[in-house]
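A.B. asks: How does the following fold in three dimensions:
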Amino acid sequence: MKLSAREVARYCARPDPGAAGLLLFGGDPMRVAHRRQQAVLAIVGPEGEAEMRLSRLAGADLRRDPAALLDAVKAQGFFPGPRVALVEDAGDAQADAIASALGDWKPGDAQIVVTAGALKPASKLRKLFEGHRSARAAAIYDDPPGRDEIQAELVRAGLSGAEGEALDALFALGRTLEPGDFRQTLEKLALYKLDDSAPLDAADVARLAPVSTEAEADAVIDAAAEGRAGAIGPLIQRLSAQGVTPVRLSIAAGRHFRALYRAASDPGGPGQGIARLRPPVWGPRRDRMEKQARGWGAERLQAALELLAETDRALRSANQTAPQMAVMERTLLRLASLGARRQGAGHSPTPAVASARP
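C.D. replies: Got it, this is the predicted structure:
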């Protein structure tokens, strides 16, 4: 039986106790491993492995000894309770051995959980589970977790009391981090708030969120938007050392300044404009962007967007002669210069753009 994308999270959290098996496959090993861990834990419980109710088999080992899986499915341990026979990194080469074990499976035997990489629709292993009446096949995609799934992770970590901006911050974080990183962040937050009666707030989330290249890209773009030219050079060097490309930085800067332009152009003012952004902006980040939008104004932000669009075209041009990161750094410095003068009078946006072209 084939599980739909929206059924996967719910099923892995509460697998059918009467099912013969479950196949989890996908191109991202971390996401597949996350679902495998979730499903196995739900079947055997936290003490399952210690009580030897979990048998692990590698796909390569099963190929050498096809009967090993059936032995694991039928084996009875000393401790009572549901059991799992786990086959990791399987493929079509193991399909016959797994088919034999599924064919001999009876209620009370260990459930067969199989993980695999990306499988084509014509895959023997995939067809085996999709066509079996008492087994499930679940494709694991790279989609970010849904709101219900994130809420379940919060409850599991003991952060069910999160609300308001803190909850928005956690939802936004869950959609940007890998599942394992997000779960570790929730565990750190739970420890951080242990014996602390104060409610979780957005600042706590920001303080413990993992630092990423996206965060450092945001930092250099903020420096340009706030007129802090002196901070741009060192940040550019760090981003370049981390492998961030100028085009990627250009895209991020364009996205940021377009968000500021939408906020500054909102009929209800920048505050309402920031509130309408999707995905939502939360906590201190929201206050910072609102301040930037108010300081720049719609006309000067339009000039900044024209400069960024011209830089993006230059970076993608086949006739580019100057080093691309130098072109991007120069654009950010010119944006910082434009931003530093944003409170002044008599600076029309058009001349600023003309003088700032790379």
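A.B. asks: Show me what the longest helix along the chain is packed against.
C.D. replies: Scanning the chain for the helix with the most residues, using DSSP state H, yields helix 283-316. Applying 3 or more CB pairs under 8 Å, 6 or more residues apart in numbering; DSSP states H and E, we find helix 283-316 packed against helix 164-174, helix 202-208, helix 213-225, helix 246-265, helix 270-275, helix 324-340, helix 349-355. Quick note: C-beta positions are derived from backbone N, CA and C, even for glycine.
A.B. asks: Turn those into TSV, including mean neighbour count.
C.D. replies: Formatted as TSV, the helices and strands packed on helix 283-316 follow (neighbours: other CB atoms under 10 Å):
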stretch	mean neighbour count
helix 164-174	21
helix 202-208	18
helix 213-225	19
helix 246-265	20
helix 270-275	18
helix 324-340	20
helix 349-355	14
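A.B. asks: what sits against Ala97?
C.D. replies: Applying CB atoms under 8 Å, 6 or more residues apart in numbering, we find Ala97 in contact with Leu62, Arg63, Pro66, Ala67, Ala68, Leu69, Leu70.
A.B. asks: if I pick the third one, what's in contact with it?
C.D. replies: If a contact means CB under 8 Å, 6+ apart, then Pro66 has Asp96, Ala97, Ser100 as its contacts.
A.B. asks: what about Val114, which SS state?
C.D. replies: Secondary structure state of Val114, per DSSP: H, G, I helix; E, B strand; the rest coil, is strand.
A.B. asks: need the strands for the stretch 1-150 of the chain, in chain order.
C.D. replies: All strands of the stretch 1-150 of the chain, identified by DSSP state E, counting those that start in this stretch, fall at 21-25, 54-58, 84-90, 111-116, 135-139.
A.B. asks: Surely Leu301 is in contact with Ala264?
C.D. replies: Yes - at 5.6 Å, Leu301 and Ala264 qualify as touching, with contact defined as CB atoms under 8 Å.
A.B. asks: For these two, list the residues in contact with both.
C.D. replies: Ala293.
A.B. asks: now the contacts of Ala97 as CSV including distance to Gly81 and pLDDT?
C.D. replies: Below are the contacts of Ala97 laid out as CSV (distance: CB to CB, whole Å; pLDDT from 0 to 100):
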residue, distance to Gly81, pLDDT
Leu62, 24, 89
Arg63, 30, 85
Pro66, 27, 90
Ala67, 24, 92
Ala68, 22, 93
Leu69, 20, 94
Leu70, 20, 93
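A.B. asks: Name all residues that make contact with the spatially closest residue to Ile112 that is not a sequence neighbour.
C.D. replies: Once flanking residues are discounted, Ile112 sits nearest to Gly21: 3.5 Å by CB to CB, 6 or more residues apart in numbering. Each residue near Gly21 by CB under 8 Å, 6+ apart is listed here: Ile98, Leu102, Trp105, Gln111, Ile112, Val113, Val114, Phe129, His132, Ser134, Ala135, Arg136.
A.B. asks: again, only using 6 Å
C.D. replies: Leu102, Ile112, Ala135 (CB atoms under 6 Å, 6 or more residues apart in numbering).
A.B. asks: ok, now Ile232?
C.D. replies: Val220, Ala223, Leu332, Leu333.
A.B. asks: pretty sure the second one contacts Gly233?
C.D. replies: It stands for Ala223. No - using CB atoms under 6 Å, Ala223 is not in contact with Gly233, being 9.7 Å away.
A.B. asks: hmm, back to that, for the contacts of Ile232, which one is nearest Gly174?
C.D. replies: Val220 (25.1 Å; CB to CB).
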